[in-house]
Structures are given as structure tokens and as C-alpha cells.
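Enquirer: give me the fold of what follows.
(one chain, ligands or ions: 1)
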Amino acid sequence: MKYDFLIIGAGLYGSAIARCLKDYGKSVLVVEKRKTVAGNIYTERVCGINVHKYGAHIFHTNDEEVWSFVNRFATFNRFTNSPIAVYKDEVYSLPFNMYTFNRIWGVITPKEAYERIEAEKKKAGIKNPTNLEEQAISLVGEEIYEKLIKGYTHKQWGRPCKELPAFIIKRLPVRFSYDNNYFNAVFQGIPMGGYTDMINRMLSGVEVITDCDFLENRNELSKKASHIIYTGPIDKYYDYCFGELEYRSIRFETQILDTDNYQGNAVVNYTDEDVPYTRIIEHKWFEDTYEHISNPHKTIISKEYSVETKVGEEPYYPVNDEKNSLLYDKYKKLADSEDNVSFGGRLGEYKYYDMDVTVSKAIKASYEWR
Ligand code: UDP
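Expert: Numbers count the residues shown, from 1 in each chain. This next block holds a predicted model:
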């Protein structure tokens, strides 16, 4: 055996754990199916603009260990995510905060907003929310749910809110303050120069083979190391023996436009069910400021369409509803019985992890081999 570790997938989890193991003096080989590293955080420079090819990624964390780890490989700018929601011809602030409450009800003080939500909660008669719809109404009331959550969530997950777990909506803060910062995080930013450069630095000195599908070369590759860390879809690893787990995928419609400024913000959500896409990303605003524009003649936008993942397509979001969670538990049992294989990342663990949790999990998993 040539290597201590064979890591399948050069996405964020695979690259982070590869770095940690390499730092402990282990020999590591990373095998990546795509022609590029960085998984879904891959960015590509087009017309001087870093395009988030597989969707918007904004790094945010409260974890100092994670923050200092990623800062070894990139300088982060001071980007603060302040998306807006467009519903028909109305514009709302996100996350739900005093600007949103003022726009919807005309209330000015936190007390007024709080009383309004309490009254709506009472009217709806929800005590212990059991699904996303009930959770959303009890957090922000019926009207905000109808305008800003119902259509968006249905588009994003392809399922009505009543059939989705409550925790998904809890990712969004509700604030009784005038604060448009989307994330409750002490540290936030975008790696200057793009995520791909950050991952390349993370992988420096690590052997990486791209354009190589592990599952198609499983027998031969497995012999190359005493331990395998697999970060692809867990159901695929086991050849879908219990059935397919469901994932949501995103179809991107990306355009280069002859203007300096298309929407004046990095992220604009379209919450109306009649608009077929969920959001539009204008990539330059992740790294530019209004006073400092990378390309004054062009901009690049991506419309995101959420679709069900079919076998062979790229999975993005695990659907952590009851049916899929039960199915995942079966795969997890198989995974737990393995001695020489471990699973990690959004697809390997079938969990809706943010980037910081992914990095933290990788760092912590590597401790076992310190
Ligand atoms: N959501 C919504 N309206 C919005 C934005 C988000 O209803 O304008 C809901 C939706 O159900 C989504 C969840 O909040 O799945 C979490 O949103 P988040 O922005 O965290 O999703 P991500 O950035 O991971 O796609």
C-alpha cells in the first residue's frame, strides 16, 4: 500500500481533511471525478469576475478554529450577505427583520412587530410546529409566510411546506432589529481571488488526481491506501442497494451582460411562485464594492432553477425529510460497520451542512489520526 489515506472528492470536506492529514505527516492521495478541484465551491474567473459556478457561497462562522484554518489559505474580504426578496413588484429586506416588518405592516418599533407576530401566531393556533409551514407562520406570521416563504420554499424543494421539516426555515434568522446581515456569524467573507485558489492552496503538496471516477475504478484504487475517506453520495457508494436518496439540484442559466450593474446586489431572491427561478446571483458583488468595480463594462448573472436530481446529475442539497432520513439511516448502519472507510461532507453524510460545519467536521475527524 502506497498511501495512508485515499480521499474521494476534492471538495471542501475532502480538501480540508487532506490538508489536516498531510499536516500530521500522513501520505494522502485525493481522487476527484471532475476535471477541477473545489467541488461545488469552485469559482472560475470570467471577464475579470469570479463566477461561483455551482451557486453562491458565502463563508460565515462563529468557530474560531474554522476561521483561522481557512484564513491560512486565503485573505477574506468583508462581504456581508444582505440579500433582498422580490415578491411581485415589492422589495423586502432579508433576513426577516425590522425593515421587513415595517414594509409589510408599517410597524416601526420591535414591540409593535413582536405583538403583530404573536397575534398572528395565536390566530393560526400553532403551539408546537411540526412542519416548515407551521414553523414559518409561528416565526413571522401568515402574511410574510405567504409572500416570502411559501413560493420560494416550494420552488426550492419541489415539495409543499407542509411536507418539509421545520428545521430548514430555522436557518433564517428573525430579528427584531434593523440588521440586514443574513448570517448570525462573528466571521464572514469571501476569499479574495476566489474559492478555487483557496482550495488549491489547501491542497498544496497533496497528490491529486482529477478526472477520475473512484467508483468506476474502485478495485484498483482501493488497494492504494489503508483507509478511504469518501465524500460522494453515500447511496451511490453502496450502489443504491436500499434505494436512491433524494437530492435537489440547481440548474444555472448564466449570462454575461454589457452593463456594469444589473441588480445592485449579489443575491436577489424571487419569492413569487410564478417566477420560475429561485434567485439571481450577480457574481461581481461578492468581491467588488460600488467604488471599486472589477469590470466596468460587463457583469455576469446566474438565474438558479431548483430541480430534482436524477441519477447522473450533480446533487446539491440532501432532502432531509422523514422518508429520506429513514433511508439514510440504513446506509449509515452500513457505513458504521466499515473499518477502513469513513464518510464525510454534505453528500457523504447526507446532511445540509454549511461550509463552516463541513470544515469543522473535517478538522475534528482528522483528530483521530493525529
Ligand atoms: N427561504 C425562504 N425565502 C427566502 C429565502 C429562504 O422561504 O427568501 C427558506 C427556504 O425554505 C430555504 C430556507 O429558507 O430552503 C433556507 O434558506 P437559505 O438561504 O439558508 O438556503 P441556501 O442558501 O442554503 O440555499
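Enquirer: helices of the protein, residue ranges please.
Expert: Counting by DSSP state H, the chain forms helices over residues 12-23, 64-71, 98-105, 110-124, 132-140, 142-144, 151-157, 167-170, 195-202, 218-222, 234-237, 322-336, 345-348, 355-367, given from the N-terminal end onward.
Enquirer: closest to residue 276 out of those helices?
Expert: For residue 276, the closest of the helices of the chain is helix 151-157, at 7.7 Å, according to C-beta to C-beta. Heads up, the C-betas are built off the backbone N, CA and C, glycines and all.
Enquirer: so which elements touch that closest one?
Expert: In this structure, helix 151-157 packs against helix 167-170, strand 299-308, with contacts taken as 3 or more C-beta pairs under 8 Å, 6 or more residues apart in numbering; DSSP states H and E.
Enquirer: buried ones in the shortest one?
Expert: Translated: helix 167-170. Applying a neighbour-count criterion of 16 or more other C-beta atoms under 10 Å, one finds 168-169 buried in helix 167-170.
Enquirer: now swap in the longest one and tell me
Expert: Neighbour-count burial for strand 299-308 flags 299-304, 306 (criterion: 16+ other C-beta under 10 Å).
Enquirer: by mean pLDDT, show me the worst of the helices and strands packed on helix 151-157.
Expert: The weakest mean pLDDT among those belongs to helix 167-170, with a mean of 90.
Enquirer: any idea how far that helix is from the middle of the chain?
Expert: Centroid separation between helix 167-170 and its chain, computed with C-alpha atoms, centre = their mean, to the nearest Å, is 14 Å.
Enquirer: ok, now which ones touch whatever residue of the stretch 251-370 of the chain ends up closest to the ligand?
Expert: The stretch 251-370 of the chain approaches the ligand most closely through residue 269 (3.8 Å), counting by C-beta to the nearest ligand atom. Applying C-beta atoms under 8 Å, 6 or more residues apart in numbering, we find residue 269 in contact with 83-86, 94, 152, 278-279.
Enquirer: likewise for residue 43?
Expert: When the contact criterion is C-beta under 8 Å, 6+ apart, the partners of residue 43 are 50-53, 194-196.
Enquirer: including distance to the ligand and neighbour count, could those residues go into a markdown table?
Expert: Rendered in a markdown table, the data for the contacts of residue 43 read as follows (distance: C-beta to the nearest ligand atom, whole Å; neighbours: other C-beta atoms under 10 Å):
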| residue | distance to the ligand | neighbour count |
| --- | --- | --- |
| 50 | 18 | 24 |
| 51 | 17 | 22 |
| 52 | 12 | 24 |
| 53 | 16 | 19 |
| 194 | 19 | 23 |
| 195 | 15 | 28 |
| 196 | 20 | 19 |
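Enquirer: thinking again about what came up before, which of the helices of the chain comes out lowest on mean pLDDT?
Expert: Comparing mean pLDDT across these, the lowest value falls on helix 167-170: a mean of 90.
Enquirer: compute the number of surrounding residues for residue 336.
Expert: Around residue 336 there are 9 other residues, counting by other C-beta atoms under 10 Å.
Enquirer: and the stretch 201-350 of the chain, which residues reach the ligand?
Expert: Residues of the stretch 201-350 of the chain lying near the ligand by C-beta under 6 Å from any ligand atom: 269, 271.
Enquirer: isn't residue 273 right next to residue 149, touching?
Expert: No: at 11.2 Å, residue 273 and residue 149 do not qualify as touching, with contact defined as C-beta atoms under 8 Å.
Enquirer: please say which of these two ends up with more neighbours.
Expert: Between residue 273 and residue 149, residue 149 has the larger neighbour count (other C-beta under 10 Å), namely 23 against 13.
Enquirer: dump the residue contacts of residue 27.
Expert: 2-5.
Enquirer: where does the residue of the stretch 251-370 of the chain closest to the ligand land on pLDDT?
Expert: Per-residue pLDDT puts residue 269 at 98.
Enquirer: then residue 1?
Expert: Residue 1 is assigned a predicted lDDT (pLDDT) of 68.
Enquirer: tell me the residues of the stretch 51-200 of the chain that contact the ligand?
Expert: Taking C-beta under 6 Å from any ligand atom as the criterion, the contact residues of the stretch 51-200 of the chain with the ligand come out as 85, 94, 148-149, 152-153, 156, 168-169, 171-172.
Enquirer: thanks a lot, catch you later.
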